[in-house]
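Peer 1: I need the structure of the sequence given here:
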Amino acid sequence: MYFSAFVFGAIIGSFLNSVLFRKNTGNSPLWGRSRCFSCGKKLSWLELVPILSFIIQKRRCGQCGSRISWQYPVVEILIAILAVLLNFKFSTRLPDGQVFNFQFWFYFTAFCSLFLIAAYDFRHKIIERHFLYIFGGFAVVNTVYRNIQISTYRYLDILAALGIFLFFYLLWRVSDGKWMGRGDADLVFFSAIFLGYPLSLFMLLGSFWIGALFGVVLLITSFGRITIKSEVPFGPFIAIALFIAWYFSDMLTFLYEFIYF
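Peer 2: Now for the predicted structure:
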């Protein structure tokens, strides 16, 4: 069961790599054969097997010998792990052990779109609008479904999202883009909508904690190449914090209610 989810996730990760590398290059991520970026050789199916082809080819193109980016196996492994985690979360709630149910498909697709936002921001230091709007659609559907389940609309969800958006927007405006990007404010708004209150608060705090930890590690390991003034994309930290808050939502909601009620 989990092996199937891992293989499926790795295949989707390979597709997401294609989307990331071809986005804004004029090449369609859906059509056209994959090629070596150096010599233009069309890749055979053996050279496109997720994870394994990277290992077998020893990170080099079989024709020109140019190095293959580490992004390929890293993305494939991360999406494979995502599929396994979602499979575990939802299959354990079903008495017959059913996998790949509707919830799995919905959240897997939503988090893949979120991953594209984070990965593109990590590479190019910009929140890509097309990816953002796709995730925004999932966020809206998720909050509507969540509120239908409880037969009422929790205005705290939208108020918390607006408050968090305003906080990020002011950071961007006051610093003239030095502390935070304008796209980060939009991303955190949709992220807060996706999670609802109070999970959006955990996401907000978690993003800064994860960012601070990453910054400290980067300063220590960069040996002076990166300083405290270096630009670091914040989108990946928002995405990681969102996933953690969502995945452990039951525990975090219980913690919130225990502290404040």
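
Peer 1: show me the helices in the stretch 151-261 of the chain, by range?
Peer 2: With DSSP state H, counting those that start in this stretch, the ranges of helices along the stretch 151-261 of the chain come out as 155-175, 182-195, 199-221, 235-247, 249-260.

Peer 1: any idea which of the ones you listed gets closest to G13?
Peer 2: G13 sits nearest to helix 235-247 of all these, at 15.2 Å, using Cβ to Cβ. To be clear about C-beta, it is placed using only N, CA and C from the backbone, and glycine gets the same treatment.

Peer 1: switch the helices of the stretch 151-261 of the chain over to CSV; also include mean neighbour count and distance to N24.
Peer 2: CSV is the format used below for the helices of the stretch 151-261 of the chain (neighbours: other Cβ atoms under 10 Å; distance: least, Cβ to Cβ, whole Å):
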stretch, mean neighbour count, distance to N24
helix 155-175, 16, 23
helix 182-195, 24, 15
helix 199-221, 16, 26
helix 235-247, 23, 16
helix 249-260, 12, 34
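
Peer 1: which one, of these, ends up nearest to S69?
Peer 2: helix 235-247 (17.3 Å).

Peer 1: any stretches of the stretch 101-250 of the chain with poor pLDDT?
Peer 2: Low-confidence segments of the stretch 101-250 of the chain (pLDDT under 70): 149-154, 223-224, 226-230.

Peer 1: let me see the contact set for S113.
Peer 2: F131, I134, F135, F138 (Cβ atoms under 8 Å, 6 or more residues apart in numbering).

Peer 1: then the one helix or strand it maps to to PDB, C-alphas only?
Peer 2: If you go by DSSP states H and E, S113 is part of helix 102-124. Taking Å, rounded to 0.1, in the frame of the first residue of the first chain, the C-alpha atoms of helix 102-124 are listed here in PDB:
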ATOM      1  CA  PHE A 102     -11.300  11.400  -2.600                       C
ATOM      2  CA  GLN A 103      -9.700  13.200   0.300                       C
ATOM      3  CA  PHE A 104      -6.300  11.800  -0.700                       C
ATOM      4  CA  TRP A 105      -6.700  13.100  -4.300                       C
ATOM      5  CA  PHE A 106      -7.900  16.500  -3.100                       C
ATOM      6  CA  TYR A 107      -5.200  17.200  -0.600                       C
ATOM      7  CA  PHE A 108      -2.500  15.600  -2.600                       C
ATOM      8  CA  THR A 109      -3.200  17.900  -5.600                       C
ATOM      9  CA  ALA A 110      -3.600  20.900  -3.300                       C
ATOM     10  CA  PHE A 111      -0.200  20.300  -1.600                       C
ATOM     11  CA  CYS A 112       1.400  19.600  -5.000                       C
ATOM     12  CA  SER A 113       0.300  23.100  -6.100                       C
ATOM     13  CA  LEU A 114       1.600  24.500  -2.800                       C
ATOM     14  CA  PHE A 115       4.900  22.600  -3.400                       C
ATOM     15  CA  LEU A 116       5.200  24.300  -6.800                       C
ATOM     16  CA  ILE A 117       4.800  27.700  -5.200                       C
ATOM     17  CA  ALA A 118       7.500  26.900  -2.600                       C
ATOM     18  CA  ALA A 119      10.000  25.300  -5.000                       C
ATOM     19  CA  TYR A 120       9.600  28.100  -7.600                       C
ATOM     20  CA  ASP A 121      10.100  30.700  -4.900                       C
ATOM     21  CA  PHE A 122      13.200  28.800  -3.600                       C
ATOM     22  CA  ARG A 123      14.700  28.800  -7.100                       C
ATOM     23  CA  HIS A 124      13.700  32.300  -8.400                       C
END
